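Participant: Pasting the sequence and the predicted model now:
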Amino acid sequence: METKLHVIRNPTPHKQKFLLPPEWEAAVAGWVDWLTTGGAPRTTIRTRRGHVRATARRLHSLAPDDVTTTQLVRLFGRQQWSNEHRRGLRTSLVAFYTWAIANSLAAFNPANGLPGVPESKPHPRPASDRIWKQLLLAANARERIMARLAC
């Protein structure tokens, strides 16, 4: 005879003191447990959790299964977010909904319908010739080799 283990969670409020509807709280808590089990860094978990919770709060939906791609497009399109923030949010939502589908908490992944966000291009800031010469004059032999390799 099989014994089923049921874990009952008492959702704790986020540090910003807002609670989501019970279905959202349970889903986010389960996803965080899953991420933790997979060894995700605490910083990643905190960021991803914040992304999903903030999105749920802004959409005013009662459950993850209530969210549509149209709602996400409308939400993302009306914000003044950087591309890096949009990329991070999209990544978090795609991962959350992939997990939610596998755990029968959502029928489809509305985040898959969001357009891809291009990666920001870095703005190179090379050192001036004056600074480069000062570096080489002040550096010991090992530091000069490292500086030349970095150049």
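Facilitator: Thanks, I have it. Residues are numbered from 1 along each chain as shown.
Participant: what about the strands in this structure?
Facilitator: With DSSP state E, there are no strands along the chain.
Participant: Residues contacting the longest helix along the chain, please?
Facilitator: For the chain, the longest helix by residue count, based on DSSP state H, is helix 83-102. Helix 83-102 is contacted by residues 27-28, 30-31, 34, 47-48, 51-52, 55, 64-65, 72, 76, 81, 106-112, 114, 116-120 when judged by C-beta atoms under 8 Å, 6 or more residues apart in numbering. Where you see a C-beta, it was placed from the backbone N, CA and C, and this is true even at glycine.
Participant: now it, how far from the chain's geometric center?
Facilitator: Helix 83-102 sits 7 Å away from the centroid of its parent chain (C-alpha atoms, centre = their mean, to the nearest Å).
Participant: Which positions within it qualify as buried?
Facilitator: By neighbour count on 16 or more other C-beta atoms under 10 Å, the buried set for helix 83-102 is 86-90, 92-93, 95-97, 99-100.
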